[in-house]
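Chemist: Sequence unavailable; structure follows:
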């Protein structure tokens, strides 16, 4: 593989990492599947490059690390939203009280899964 091929792989990977960063920042998570597939293809192409010619990878490695941090933050945010939605459903559907002995009682306000038909 000649030096020109190496450069095009490095440039393609750099552009792909920038695209991945935009997708993460914009919440376009559906784009990450296609980006991951392309990233895998480019990383496999990098295996053919000798270690001495991999100097440009340092900057790309740092960009990939920043994207990984963004991805972890996005996943944490999604988990927080899911937990909050679960809590809101519990509050909507039940009431928790404590009796004089400190025992917790839960009163269900709505029957889960029950549809009401009105004429």
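Modeler: Here it is on my side, so go on. What you see is a predicted model, and the numbers here were worked out from it, not measured in a lab.
Chemist: quick one: the strands in the protein?
Modeler: Per DSSP state E, the chain carries strands over the ranges 94-98, 104-108.
Chemist: I'd guessed residue 42 sits against residue 10; true?
Modeler: No - Residue 42 lies out of contact with residue 10 (CB atoms under 8 Å); the separation is 9.1 Å. The C-beta positions use only the backbone N, C-alpha and C, and glycine is treated the same way.
Chemist: neighbour-wise, which of these two wins?
Modeler: residue 10 (20 against 17; other CB atoms under 10 Å).
Chemist: okay, the strands of the chain in TSV with distance to residue 5 and mean neighbour count next?
Modeler: Below are the strands of the chain laid out as TSV (distance: least, CB to CB, whole Å; neighbours: other CB atoms under 10 Å):
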stretch	distance to residue 5	mean neighbour count
strand 94-98	63	10
strand 104-108	65	9
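Chemist: can you put these in a markdown table and add distance to residue 79?
Modeler: Below are the strands of the chain laid out as a markdown table (distance: least, CB to CB, whole Å):
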| stretch | distance to residue 79 |
| --- | --- |
| strand 94-98 | 23 |
| strand 104-108 | 25 |
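Chemist: Compare those strands and give me the one nearest residue 30.
Modeler: Counting by CB to CB, residue 30 lies closest to strand 94-98 out of the strands of the chain; the figure is 34.7 Å.
Chemist: can you list the residues that contact that closest one?
Modeler: For strand 94-98, the external contacting residues (CB atoms under 8 Å, 6 or more residues apart in numbering) are 104-109.
Chemist: Columns pLDDT and distance to residue 90 on top of those, output as a markdown table?
Modeler: Below are the contacts of strand 94-98 laid out as a markdown table (pLDDT from 0 to 100; distance: CB to CB, whole Å):
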| residue | pLDDT | distance to residue 90 |
| --- | --- | --- |
| 104 | 89 | 13 |
| 105 | 87 | 14 |
| 106 | 84 | 9 |
| 107 | 80 | 12 |
| 108 | 78 | 10 |
| 109 | 74 | 11 |
